[in-house]
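Asker: dropping the sequence and predicted coords here.
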Amino acid sequence: MAAKNIPMILSSMVAFILSVSVSGEEQIMIDNFTPESDVPWQYLSDQVMGGVSEGSAELVKDDGEYYARLFGNVSTANNGGFIQLRTSLQSGVDKNTRGVYLKVRGNGQKYYIHLRTKGTMLPWQYYQADFDVTDDWQIVRLPLEQFKRSGSWLGKSAKPRSLRSLGIVAYGRDHQADLQISEVGFY
């Protein structure tokens, strides 16, 4: 085995070890934002609908930790109020999925996960759960039953096989966003 393959093998071993949580539930990682990752993420802001929020998303490596950073100025002016990092889930997730997990840190603000399903046709339709961050890395677990629908015209809950996208969102109020995500997935 070539020495240059050792870091990749060690990285794979660490990812496997992290795939089983302390509670014994299996975790299915979507992304850990390493250079080997091929998960397509899209940055969106309320500017797609006339809002004025400004922000960006970037991939960062700091002290050996890779992460995505979502940052900017969220403004509710002009009926706006969000910046978002989103990825598609082409065929849903395992039917036994119980929730979403993230390894995050940030600037002490509240952030959100938005899940879209086969039934969320309009841009303002989603299922939402919130989480708070500190400046220390932490694992956040959001059970699917904690996600609230954005309107009464949606089904009461997001079904795992129906999921089509996951968005990590700074939303709903005027504030400076700075969120760092080193891992995201389902459990």
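Answerer: Arrived safely.

Asker: tell me, what residue is most central in this protein?
Answerer: Centroid-nearest residue in the chain: residue 168, 3.8 Å away (criterion: C-alpha atoms, centre = their mean).

Asker: what's the average pLDDT for the helix or strand harbouring that residue?
Answerer: Secondary structure assigned from DSSP states H and E places residue 168 in strand 163-171. What strand 163-171 shows for mean pLDDT is 98.

Asker: check contacts around the nearest residue to residue 100 once chain neighbours are set aside.
Answerer: Closest residue in space to residue 100, ignoring its immediate chain neighbours: residue 142 at 4.7 Å, by C-beta to C-beta, 6 or more residues apart in numbering. Where you see a C-beta, it was placed from the backbone N, CA and C, and this is true even at glycine. Counting by C-beta atoms under 8 Å, 6 or more residues apart in numbering, residue 142 touches 99, 100, 101, 102, 113, 129, 131.

Asker: hmm, the fifth one is touching residue 166, no?
Answerer: Yes. Using C-beta atoms under 8 Å, residue 113 makes contact with residue 166 at a distance of 6.6 Å.

Asker: any shared contact partners between those two?
Answerer: With C-beta under 8 Å, 6+ apart, residue 113 and residue 166 have common neighbours residue 100.

Asker: strand partners (parallel or antiparallel) of the strand holding residue 168?
Answerer: strand 82-88 (antiparallel), strand 110-117 (antiparallel) (DSSP bridges).

Asker: now those strands in a markdown table, with distance to residue 157, mean pLDDT and mean neighbour count?
Answerer: Converted to a markdown table, the strands paired with strand 163-171 look like this (distance: least, C-beta to C-beta, whole Å; pLDDT from 0 to 100; neighbours: other C-beta atoms under 10 Å):
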| stretch | distance to residue 157 | mean pLDDT | mean neighbour count |
| --- | --- | --- | --- |
| strand 82-88 | 20 | 98 | 20 |
| strand 110-117 | 10 | 98 | 21 |
